[in-house]
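> sequence plus predicted model, see below.
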Amino acid sequence: MKHLIAPSVLAADFANLQRDIEMINASDADWFHVDIMDGVFVPNISFGFPVMEAISRYAAKPLDVHLMIINPDHYIERFVAAGAASITVHYEACTHLHKTIQTIHAAGAKACVALNPHTPVALLKDILHDLDMVLIMSVNPGFGGQQFIANTYRKIQELRSMAASLNPGLLIEVDGGVSLHNAAELIAAGANVLVAGNAVFAAPSPQGMITSMKQISAGITG
Ligand code: DX5
Ligand code: ZN
């Protein structure tokens, strides 16, 4: 499949959120990536339901909601009601991960598990079959604009080969420090969904950057 591009709204101009959402609507982007941070699981607070609902009102593409929060089960139904098409929970935040995945599916969303940079992909073996997507964090979660961690390539390759027998249709998303410099290599390693915050919103032409990231081919570095 052709890879998907999911610009991270965290890097948008919140004083001009409607304008930035409409820019993404008109671009070659596939999804909106929406980062929710609680100041407990990660050392930062982003935004909650009022902003999520405002994004949902204008967004014309699926909302890919990344929950960097403890106790995500408490909020899954509200995020789906607010427009989430997919919900990502962190492996490190879920004691009863299988149950959490069931809750996401019962609410009507696609289910994804995120792994922090230190968490081995092998820990997903017994849940992989139940997932629509795995998000490999390529920075420590909490902030946009951080430097990409190179070990991510190896993790994506390992996950892609695990998924070959356990869940061949699995989507692999990569999040943090993704840009034209590493996009081709990430796709070659087996990633299907590229999240990009700063690379898009700090570019002279955000729409042009999205088009360039969408057009990239595996193995050809931009
Ligand atoms: C980080 C977030 C990312 C972030 C990516 O914790 O999960 O989605 O917005 O931003 P960039 O692409 O700037 O690293
Ligand atoms: Zn994210």
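Thanks, I have the structure now. Ligands and ions are numbered 1, 2, ... in the order given.
> and the closest residue to Ala60 other than its chain neighbours, how many residues sit next to it?
Counting by C-beta to C-beta, 6 or more residues apart in numbering, the nearest residue to Ala60 once its immediate chain neighbours are dropped is Asn25, at 4.4 Å. Quick note: C-beta positions are derived from backbone N, CA and C, even for glycine. Number of residues near Asn25 (other C-beta atoms under 10 Å) recorded here: 13.
> quick one, what contacts the closest residue to Asp130 other than its chain neighbours?
Leaving aside its chain neighbours, Asp130 sits nearest to Ile101 (5.2 Å; criterion: C-beta to C-beta, 6+ apart). Contacts for Ile101 were tallied using C-beta atoms under 8 Å, 6 or more residues apart in numbering; they are 111, 113, 127, 130-131.
> with His33 instead?
6-10, 64, 66, 175, 195, 197.
> could you export the one helix or strand the residue nearest to Asp130 maps to as PDB, CA atoms only?
Using DSSP states H and E, Ile101 sits in helix 97-107. C-alpha atoms of helix 97-107 as PDB (Å, rounded to 0.1, in the frame of the first residue of the first chain):
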ATOM      1  CA  LEU A  97      -4.000  -3.900  27.400                       C
ATOM      2  CA  HIS A  98      -6.200  -6.600  25.900                       C
ATOM      3  CA  LYS A  99      -9.200  -5.200  27.600                       C
ATOM      4  CA  THR A 100      -8.400  -1.700  26.600                       C
ATOM      5  CA  ILE A 101      -8.100  -2.800  22.900                       C
ATOM      6  CA  GLN A 102     -11.600  -4.500  23.300                       C
ATOM      7  CA  THR A 103     -13.000  -1.200  24.700                       C
ATOM      8  CA  ILE A 104     -11.600   0.800  21.700                       C
ATOM      9  CA  HIS A 105     -13.100  -1.700  19.200                       C
ATOM     10  CA  ALA A 106     -16.400  -1.800  21.000                       C
ATOM     11  CA  ALA A 107     -16.500   2.000  20.800                       C
END
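> quick check: mean pLDDT across that helix?
Averaging pLDDT along helix 97-107 gives 98.
> that one: which residues count as buried?
By 16 or more other C-beta atoms under 10 Å, the buried positions in helix 97-107 come out as 97, 100-101, 103-105, 107.
> can you check stretch 45-63 too?
Neighbour-count burial for stretch 45-63, counted by 16+ other C-beta under 10 Å, picks out 46-48, 51-52, 54-56, 59, 61-63.
> show me what the longest helix seen in the chain is packed up against.
For the chain, the longest helix by residue count, based on DSSP state H, is helix 152-166. Judged by 3 or more C-beta pairs under 8 Å, 6 or more residues apart in numbering; DSSP states H and E, the packing partners of helix 152-166 are strand 133-137, strand 171-175, helix 183-189.
> 6 Å instead, please
Judged by 3 or more C-beta pairs under 6 Å, 6 or more residues apart in numbering; DSSP states H and E, helix 152-166 is in contact with strand 133-137, helix 183-189.
> what residues of it count as buried?
By 16+ other C-beta under 10 Å, the buried positions in helix 152-166 come out as 152-153, 155-160, 162-163.
> and for the residue lying closest to Ile172 once chain neighbours are set aside, the neighbour number?
In space, and not counting its chain neighbours, Ile172 is closest to Ala191: 5.0 Å by C-beta to C-beta, 6+ apart. For Ala191, the count of nearby residues is 28 (other C-beta under 10 Å).
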